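Undergrad: based on what follows, work out the 3D shape:
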Amino acid sequence: MNLRDWFDSSFSGRGKAIGLEWDGAEYTFGEVDARGNRMARALAARGLVKGDRVCVYLANSIEMIDLYLACVKSGLIFVPINILYRDREMSHILGDADPKLLVTAADFPALLAAAATQSGERLPDCGLCANDPAALVYTSGTTGVSKGAILTHHNFAVNGKNLVESWRITAADRLLLAPPLFHVHALGNGLHGWLLAGCRMRLLERFDHTTVLAQFQDFQPTLFFGVPAMYVRLLDTPPEAAREIGRTMRLFVCGSAPLPAQVLEEFRDLFGHTILERYGMTETLMNISNPYEGERRPGSVGLPLPGVVVKIVGPDGNEVTAGETGELWLQGPNVFPGYWRREDASQAAFVDGWFKTGDIGSRSADGYYTLSGRKSDLIISGGFNIYPREIEEFLMEQPEIVEAAVIAEADRVRGEIPVAYIVWREGAVPAEIESRCREKLASFKIPRRFESIEKLPRNALGKVQKHLLCPVS
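TA: Next comes the predicted model:
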């Protein structure tokens with residue numbers, strides 16, 4: 001099924017139900033549907049036809065939802081751009097995607113005015129099929145030029161169905177959505193989960209730690225999608241307020257970056273909920289998730305979602321056994337068909353139909369997967385493999401440390417050595433941390449230096465940008 005048919009079936013029968021809250025206003029599902037239709041006609045009036053790309057450089061807003069629905073309904077390809085990107089990054093995406101239209105905050109009012117003159121009735125059929133591209137989402141480009149991942153209507157539909165069924169999302173839920181819609185976290189999971197289940201959603205422009213508590217208390221959500229940095233901020237919630245939020249919540253979900261086990265445990269003690277951690281990628285949407293019912297294992301991303309096949313491959317290309325570490329390879333209807341106009345990169349990403357994720361991890365005997373980090377993050381020191389996440393997890397357990405990131409630094413003798421970048425709490429004594437590392441970690445895993453830093457560099461989803469610290473030279 002294509003997304004247009006899927007959305008139409010969801011809107012049907014819900015026309016008068018409140019579906020969206022944005023900026024203090026409420027919108028029924030019928031109004032959301034009609035706004036998408038009017039925007040689609042406004043785009044058609046500008047000459048856009050099926051297959052054209054629409055680049056969107058906007059913060060979270062109802063207008064961004066209008067544009068996405070308009071693209072889906074018209075067979076246009078939605079190209080969200082990180083609102084933090086500047087000229088150089090923008091130029092690359094615009095040159096690569098070759099859009100028919102770029103929509104920014106400056107020129108949006110004219111488009112919105114044109115949409116207001118259009119009909120909100122059902123649009124004529126545009127001949128969509130499940131394998132047509134719905135979106136072109138660019139990777140973060142931390143290890144090279146950013147590539148556009150082609151995500152089809154079928155990719156999104158399968159992903160949405162998996163999440164609604166696996167996480168038990170229903171029309172009775174109230175979703176508080178704060179991650180940016182230019183990322184697949186909010187777009188692929190939040191937006192599609194909301195529309196498929198027909199629940200009520202309050203969209204925030206961004207996660208603001210100074211006001212989010214009031215949002216929780218006012219909206220009383222049952223469902224929240226966040227990233228680790230958000231959950232770290234929520235640990236500052238006063239205990240009484242946290243317990244009150246926990247009483248109305250049903251499910252907290254975390255992804256887009258590894259969630260430290262220590263944060264999961266502290267959050268559970270404070271809010272009375274065990275965060276459900278999952279694992280996805282721009283190129284695949286969601287792959288693996290801790291179960292809704294059953295053990296949500298600290299430090300693990302859980303079990304493969306329905307239809308997703310995972311294997312872990314060693315350096316020799318052979319599958320490893322349980323407990324051994326290797327690269328995760330994936331197959332499934334959620335996996336993208338390739339990169340936009342990058343046949344070389346597409347071919348390099350697949351082996352015999354398996355997508356090579358570049359993520360390193362292991363599988364337990366009972367099927368739970370645990371990630372160790374990116375293949376590109378692996379530190380090889382004196383012939384020993386060091387996975388930074390293991391060291392980072394230990395450092396995050398220390399009460400003197402707010403945040404930690406471990407990276408490789410070139411070394412004449414050992415090839416590479418681990419170096420830790422630390423955000424310290426006031427009064428911390430770095431020498432004590434080094435002493436604890438010597439007690440608990442193998443000698444080759446001990447960071448050779450502990451660099452103090454005011455804050456770790458992160459992208460818009462809260463993922464640490466290690467390449468901005470001190471890359472191997």
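Undergrad: same for the lowest-mean-pLDDT helix or strand in the chain, what does it pack against?
TA: Here the helix or strand of the chain ranked lowest by mean pLDDT, DSSP states H and E is strand 384-386, holding a mean of 80. For strand 384-386, the packing partners by 3 or more C-beta pairs under 8 Å, 6 or more residues apart in numbering; DSSP states H and E come out as strand 379-381. No exception for glycine: its C-beta is placed from N, CA and C like everyone else's.
Undergrad: which elements pack onto the strand it packs on?
TA: Counting contacts by 3+ C-beta pairs under 8 Å, 6+ apart, strand 379-381 packs against strand 384-386, strand 401-411, strand 415-424.
Undergrad: and the last one with strand 401-411, angle?
TA: Spelled out, it's strand 415-424. 160 degrees (axes from the mean of the first three to the mean of the last three C-alpha atoms, to 10 degrees).
Undergrad: now the helix or strand just after strand 415-424 against strand 401-411, angle please.
TA: Once the chain leaves strand 415-424, the next helix or strand it forms, by DSSP states H and E, is helix 430-440. Counting by the same axes, to 10 degrees, helix 430-440 lies at 70 degrees to strand 401-411.
Undergrad: give me the contact list for helix 430-440.
TA: Outside of helix 430-440, the residues within contact range by C-beta atoms under 8 Å, 6 or more residues apart in numbering are 391, 394-395, 398, 400-401, 422, 424, 445-447, 450, 452.
Undergrad: redo that, cut-off 6 Å
TA: Taking contacts as C-beta atoms under 6 Å, 6 or more residues apart in numbering, the residues outside helix 430-440 that touch it are Gln398, Ile446, Phe450.
Undergrad: who's the nearest residue to Lys455 once chain neighbours are set aside bridged to?
TA: In space, and not counting its chain neighbours, Lys455 is closest to Val423: 6.0 Å by C-beta to C-beta, 6 or more residues apart in numbering. For Val423, the residues forming beta bridges with it (DSSP bridges) are Glu403.
Undergrad: now do Arg278
TA: Going by DSSP bridges, Arg278 forms beta bridges with Ser289.
Undergrad: mean neighbour count and distance to Ala171 added to the helices and strands packed on strand 379-381, as TSV?
TA: Below are those laid out as TSV (neighbours: other C-beta atoms under 10 Å; distance: least, C-beta to C-beta, whole Å):
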stretch	mean neighbour count	distance to Ala171
strand 384-386	17	48
strand 401-411	20	38
strand 415-424	20	42
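Undergrad: redo those strands as CSV? Include distance to Arg46.
TA: Conversion of the helices and strands packed on strand 379-381 to CSV gives the following (distance: least, C-beta to C-beta, whole Å):
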stretch, distance to Arg46
strand 384-386, 53
strand 401-411, 45
strand 415-424, 47
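Undergrad: looking at the ones you listed, which is closest to Arg250?
TA: Closest approach to Arg250 among the helices and strands packed on strand 379-381 (C-beta to C-beta): strand 401-411, 28.9 Å.
Undergrad: now that closest one, how far from the centre of its chain.
TA: The chain centre lies 23 Å from the centre of strand 401-411; the measure is C-alpha atoms, centre = their mean, to the nearest Å.
Undergrad: likewise for stretch 308-320?
TA: Per C-alpha atoms, centre = their mean, the displacement of stretch 308-320 from the mean C-alpha position of its chain is 24 Å.
Undergrad: stretch 49-56 too?
TA: Using C-alpha atoms, centre = their mean, the offset of stretch 49-56 from its chain centre is 23 Å.
Undergrad: what about it, how long is it end to end?
TA: Length of stretch 49-56, first residue to last, C-alpha to C-alpha, to the nearest Å: 17 Å.
Undergrad: check which residues of that stretch are buried.
TA: Neighbour counts over stretch 49-56 (16 or more other C-beta atoms under 10 Å) mark Asp52, Arg53, Val54, Cys55, Val56 as buried.
Undergrad: any chance of CSV for those, columns pLDDT?
TA: What follows is the buried residues of stretch 49-56, written out as CSV (pLDDT from 0 to 100):
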residue, pLDDT
Asp52, 98
Arg53, 98
Val54, 98
Cys55, 98
Val56, 97
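Undergrad: and the residue nearest to Trp167 when sequence neighbours are not counted, backbone torsions?
TA: Excluding its sequence neighbours, the residue lying closest to Trp167 (C-beta to C-beta, 6+ apart) is Tyr292, at 5.5 Å. Main-chain torsions, Tyr292, degrees, to the nearest 10: phi -70, psi -50.
Undergrad: what about Tyr292, how many residues close to it?
TA: Counted with other C-beta atoms under 10 Å, the neighbours of Tyr292 add up to 15.
Undergrad: roughly how far apart are it and Leu303?
TA: Taking C-beta to C-beta, to the nearest Å as the measure, Tyr292 falls 11 Å from Leu303.
Undergrad: cool, and Arg122?
TA: Separation of Arg122 from Leu303 (C-beta to C-beta): 40 Å.
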